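K.L.:
here you go, sequence then predicted model.
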Amino acid sequence: MVDTNQSIEKSTISKTMKRILPFVLLLYVIAYLDRVNLGYAALEMNADLALTAEVFGLLSGIFFVGYFFFEIPSNMIMSKVGARIWIARIMISWGVVVIFTGFAQSAMHLYILRFLLGVAEAGFFPGIILYLTYWFRASERGKATAVLVLALPIGGIIGAPLSTFIIDNISWAGMEGWRWMFILEGTPALILGVVVVFYLTNRPADAKWLTNDERNWLESELAAERKITSSINKVSKLGMIKDLRVWKLSLLYFTGYCAVYGLSFWLPTIIKSLSVSTTTNMEIGWLAMIPALVGIPAIIFFGWNADRTGAHKAHLLCCFLVAIVGFIGCGFSESVVMVVLMLTITSFGLYGFTGCFFAYLTFFFSESTAPVGIALVNSFAALGGFVGPMILGLVNLQQGMFILSFLLVIGSITLMSLKLEENIAKKEDVQAVQLDPANPIYKGELK
């Protein structure tokens, strides 16, 4: 019997990971690329449309204002109508906005379009995080979220050379390359949005690609964990909102968001400002790709090792400390080589943080509060995507690096003050609770 259960467990986990994770990774690569390709467009767009550094900083961040206002409603709708329809809607609408951005003629056009892009994409990432909780137990969630956020470095690795290649080499119909970059990179979102309708499965009970035994096993495992989370976390939305830990999570993620997106939007411009005048956009793209390369091993190591040890908090703290060292080093650097090196160190820490944060985040919510709670943390933290780029648009490079490092210090202090019943993250503890006849969960008494 035990061998049979282990066989079902192994086959179910394998099938769900192979079916779900590569696909959502692809979707998030497209989302991340469409979100940050403005930074590569800036290499030519800022001069064409006479955009100052302050204007570009606001353009980079205004996306997150729309994101902030619509993220919680979006996640609530997804929990009602299902991921298949709602994720498709999100992707198609943001693809349309990105394509229209290629036809912008002024800063005002860009303000409107970037705000609308935030509105259109709102709910995508927290929606996917919520979706993963429908399919993966706490013991696999770190691996699942780590695979998802691999989209960040992969988006950088693909986006840097691809975007700069389009800018330098494509000028069809007399339109500038940066315009074609938006048009060509917005189109995959439209196509994949249609594919989502036919490919994505809302819940395990709907999965025809699992056997009956596999569906039943997965549903029972997830149901047992939901009862555990309900016993240690708030089960009402009002109670969850009053929970100080939720706001600490928001502050923690806010500081990380400031750093990640301040760096993402300004990296090409920072490299260009320190490079010789003969450096081409394509060469800048190759240099900008280097920090992203370290992201893949960072995310995999920190995400998977946090799952293995259950020590998510220690891993997150380590990541922030590495990023702080990198930002401070960048602030003292004066050559493009040293800046790229320091930002590579910074990226290792920031990517590692994203690799295990989202698994850690889900431990604080019950099934009833997860749709609102995850979106709440993400939406308030997303304001960091507004603040981070603005900081680097208002001050010089050295000052900006020191400010971002100070924000991460605040994040580290906040993290150390968080307390969590982390036994839910350990597979053996969940199984012990399920199999203990004295436990109310085993008896079906815990409601």
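P.N.:
Now that the structure is in, tell me what you want to look at.
K.L.:
and for residue 275, the neighbour number?
P.N.:
16 (other CB atoms under 10 Å). From N, CA and C alone the C-beta is placed, and that goes for glycine too.
K.L.:
that one against residue 285, yeah?
P.N.:
No - if you go by CB atoms under 8 Å, residue 275 and residue 285 don't touch, sitting 11.8 Å apart.
K.L.:
the helix or strand containing residue 325: how far from the chain's middle?
P.N.:
For residue 325, the element it lies in under DSSP states H and E is helix 312-331. Centroid displacement of helix 312-331 relative to its chain, using CA atoms, centre = their mean, to the nearest Å, is 18 Å.
K.L.:
after that helix, next one along is what?
P.N.:
Following helix 312-331 toward the C-terminus (DSSP H and E): helix 336-362.
K.L.:
now that following helix: average pLDDT?
P.N.:
Mean pLDDT, helix 336-362: 91.
K.L.:
now do the buried residues in that helix.
P.N.:
By 16 or more other CB atoms under 10 Å, the buried positions in helix 336-362 come out as 336, 339-362.
K.L.:
next: stretch 194-203.
P.N.:
196, 200-202.
K.L.:
and stretch 177-194, by the same measure?
P.N.:
177-186, 188-190, 192-193.
K.L.:
ok, and what's touching it?
P.N.:
Here stretch 177-194 makes contact (CB atoms under 8 Å, 6 or more residues apart in numbering) with 26-27, 30-31, 33-34, 37, 40-41, 43-45, 48, 87-92, 94-99, 101-103, 159, 162-163, 166-172.
K.L.:
mind exporting the C-alpha coordinates of it to PDB?
P.N.:
Taking Å, rounded to 0.1, in the frame of the first residue of the first chain, the C-alpha atoms of stretch 177-194 are listed here in PDB:
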ATOM      1  CA  GLY A 177      13.500  50.200 -34.600                       C
ATOM      2  CA  TRP A 178      12.300  50.900 -31.100                       C
ATOM      3  CA  ARG A 179       8.700  51.100 -32.400                       C
ATOM      4  CA  TRP A 180       9.100  47.700 -34.100                       C
ATOM      5  CA  MET A 181      10.500  46.300 -30.900                       C
ATOM      6  CA  PHE A 182       7.200  47.000 -29.100                       C
ATOM      7  CA  ILE A 183       5.100  45.700 -32.000                       C
ATOM      8  CA  LEU A 184       7.100  42.500 -32.500                       C
ATOM      9  CA  GLU A 185       7.500  41.800 -28.800                       C
ATOM     10  CA  GLY A 186       3.800  42.500 -28.000                       C
ATOM     11  CA  THR A 187       2.500  40.000 -30.600                       C
ATOM     12  CA  PRO A 188       3.500  36.700 -28.700                       C
ATOM     13  CA  ALA A 189       1.200  37.800 -25.800                       C
ATOM     14  CA  LEU A 190      -1.800  37.800 -28.200                       C
ATOM     15  CA  ILE A 191      -0.900  34.400 -29.600                       C
ATOM     16  CA  LEU A 192      -0.300  32.800 -26.200                       C
ATOM     17  CA  GLY A 193      -3.400  34.300 -24.700                       C
ATOM     18  CA  VAL A 194      -5.400  32.300 -27.200                       C
END
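K.L.:
what packs against the host helix or strand of residue 93?
P.N.:
In this structure, residue 93 sits in helix 83-101 according to DSSP H and E. Under the contact definition 3 or more CB pairs under 8 Å, 6 or more residues apart in numbering; DSSP states H and E, helix 83-101 sits against helix 2-36, helix 53-81, helix 107-121, helix 124-133, helix 177-199.
K.L.:
could you say which of those is packed most deeply?
P.N.:
helix 124-133 (a mean of 24; mean count of other CB atoms under 10 Å).
K.L.:
and that one, how far out from the chain middle?
P.N.:
The answer for helix 124-133 is 10 Å, by CA atoms, centre = their mean.
K.L.:
which is the next helix or strand following that helix?
P.N.:
helix 138-149.
K.L.:
where does pLDDT dip in this protein?
P.N.:
1-3, 231-235, 277-278, 420-447 (pLDDT under 70).
K.L.:
show me the contacts for residue 126.
P.N.:
Residue 126 touches 71, 75, 374-375, 377-379, counting by CB under 8 Å, 6+ apart.
K.L.:
what do you get if the cut-off is 7 Å, keeping everything else the same?
P.N.:
71, 75, 374-375, 378 (CB atoms under 7 Å, 6 or more residues apart in numbering).
K.L.:
and these, which is closest to residue 254?
P.N.:
residue 378 (10.1 Å; CB to CB).
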